[in-house]
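J.: Output the structure for:
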Amino acid sequence: MSERTCRLVTLGCKVNQYETQLVKETLLSNGFREAAKNEAADLCVVNTCTVTGEADSKGRQLIRQLAKKNPGTRTIVMGCYATRDPEVLRGLPGVFEIVRDKRELPDVFDRLGIVDIPEGISHFDGRRRAYVKVQDGCILNCTYCIIPQVRPGLQSRTPESIEAEVRRLLDNGYREIVLTGIHVGHYGVDTTRGKSGLPPFRLWHLFEKLDRIPGNWRMRLSSIEAVEVNDEFINAAANCEHLCPQFHPSLQSGSEAVLRRMRRRYSMAKFLGKLEQMRERLDHPAFTTDVIVGFPGETDAEFEETLEACRQARFMKIHVFPFSARKGTPAADFPDQVNPEVRKERCRILSELERDLAEDYYQTLVGRDLEVMVEREVRDRPGWVSGTDRRYAPVELPGASHDIGTIVSARGEAAERQQVIAVRIGSESLVGST
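T.: Residues are numbered from 1 along each chain as shown. Model (predicted):
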């Protein structure tokens, strides 16, 4: 029997990327190989996103392209769009399986003759850092978000399975592990809710447990809600050797009125207060965030409140998103939808502020010791490499191709608008490739 070929494509978030990697390793361990660039694949897997209408459109377009370029292929469609609107996807060319619920995957694999399904991943192809999914699901009701409808409920992985996966990835040469999920801050909530007598095991307990894994490596949280940052979280974070001092609390808006319309769970005073608490205890932490611009009814004054909140928070990076009305969410039907041109201009203004704030933060790293995970050589600058330090700041420094995948010791020398320029300390990497 000839070897079967597969091609996998992912749209969307870190969780989707992790889940695609798990499917890939399942296929490769059961007699499949990835199709070469110009080779038709027997099986295609598309992991879809449905966070916006544009994401849906990209998913449909991608499925059609795969059918055209891989004549006779059979396509499995999974992910959030498959959960939300399976019938639309079922009618696209080449589609033979729609996975509405990831718990159906073993049955799908069984129909393909696959019975050996790994419990976790061992690699993260194409990336220098590896994502580890620790939980799934969201139970919040933000008025702009479709995700709780397609990933409802909460499901946390056991600490033991997560630790085993992290150790396996470290053994395979990865030096940065990103703990990710749909709502990472709710890790462990489902394991003890309504179950008397069970001691709680929350996110900070998890990174304390992982911190005991020896070696020169680092872990990072993909995101955290400010309201979930309590004294226990801060104490644990301050005492974890491997946890990076960079956190991603989603702001979404700096206007109290807009936050209420979004049905967010915090006031600006509480949000900013949490950041200050973390600054007092942690080693010069960096904060990144998400902001939605042009939410229905957002006035010029409310947008100015967002700009001022970002200045006060001193974010190092802001992911700026123009509001996209998502059918099926309350906000899609809110009155006073903001004109697209106004949204575009506000995105431009906030993006300009973001660049100013980033440069301000980079300036604070001048003269500091940095640990830089080298990710690539700098194009058009021989003898230089680039990567990210523990605070997720982009850094350029002298180096060569053999540094890629290692963590090197450096010191910030200058701050530019796009990155920190550093000099190396010593001649050896802190961590060698394995």
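J.: what ranges do the helices span in the stretch 251-400 of the chain?
T.: 256-262, 268-281, 300-313, 340-364 (DSSP state H, counting those that start in this stretch).
J.: oh, I was asking about the stretch 51-200 of the chain
T.: Going by DSSP H, counting those that start in this stretch, the stretch 51-200 of the chain shows helices at 53-69, 80-84, 86-90, 105-111, 147-150, 159-171, 189-192.
J.: Most tightly packed of the ones you listed?
T.: Each of those was given a mean neighbour count from mean count of other C-beta atoms under 10 Å, and the largest, a mean of 24, is that of helix 80-84. Heads up, the C-betas are built off the backbone N, CA and C, glycines and all.
J.: From the contact counts, what lies against that one?
T.: Identification of packing neighbours for helix 80-84 by 3 or more C-beta pairs under 8 Å, 6 or more residues apart in numbering; DSSP states H and E yields strand 43-48, helix 53-69, helix 147-150.
J.: The longest one packs against which elements?
T.: So the one you mean is helix 53-69. Contacts defined by 3+ C-beta pairs under 8 Å, 6+ apart place helix 53-69 against strand 4-10, strand 43-48, strand 74-79, helix 80-84, helix 86-90.
J.: Quick check: the closest residue to residue 190 other than its chain neighbours vs residue 166, distance?
T.: Excluding its sequence neighbours, the residue lying closest to residue 190 (C-beta to C-beta, 6 or more residues apart in numbering) is residue 154, at 3.9 Å. Distance, residue 154 to residue 166, using C-beta to C-beta, to the nearest Å: 21 Å.
J.: repeat for residue 213
T.: On the measure of C-beta to C-beta, residue 213 and residue 166 end up 6 Å apart.
J.: Identify the residues contacting residue 178.
T.: Contact analysis of residue 178 by C-beta atoms under 8 Å, 6 or more residues apart in numbering lists 14, 129, 130, 131, 132, 219, 220, 221, 222.
J.: What mean pLDDT does stretch 75-88 get?
T.: Mean pLDDT, stretch 75-88: 95.
J.: does the closest residue to residue 49 other than its chain neighbours sit in a helix, a strand or a coil?
T.: Distance criterion C-beta to C-beta, 6+ apart; nearest residue to residue 49, sequence neighbours excluded, is residue 12 at 2.9 Å. Assigned with DSSP: H, G, I helix; E, B strand; the rest coil, residue 12 falls in the coil class.
J.: Equivalent analysis for the one 5 residues further on, please.
T.: Assigned state for residue 17: helix (three-state reduction, three-state DSSP).
J.: residues near the closest residue in space to it that isn't next to it in sequence, how many?
T.: Of all residues not flanking residue 17 in the chain, residue 10 sits nearest, at 5.4 Å (C-beta to C-beta, 6+ apart). By other C-beta atoms under 10 Å, 21 other residues sit near residue 10.
J.: Check whether residue 41 sits in a helix, strand or coil.
T.: Relying on three-state DSSP, one would call residue 41 coil.
J.: How about the contacts made by it?
T.: Listed by C-beta under 8 Å, 6+ apart, the contact set of residue 41 reads 5, 6, 7, 35, 66, 70, 73.
J.: which of these are the two that sit furthest away from each other?
T.: Spatial extent of these (C-beta to C-beta) is set by the pair 5 and 66 at 12.7 Å.
J.: In the chain, where is pLDDT below threshold?
T.: Scanning the chain for pLDDT under 70 picks out the ranges 1-2, 193-197, 427-434.
J.: go with 50
T.: Counting by pLDDT under 50, the chain contains low-confidence residues at 1, 428-434.
J.: domain parsing for it?
T.: What automatic domain parsing lists as the domains of the chain is 4-111, 120-244, 277-364, 369-431.
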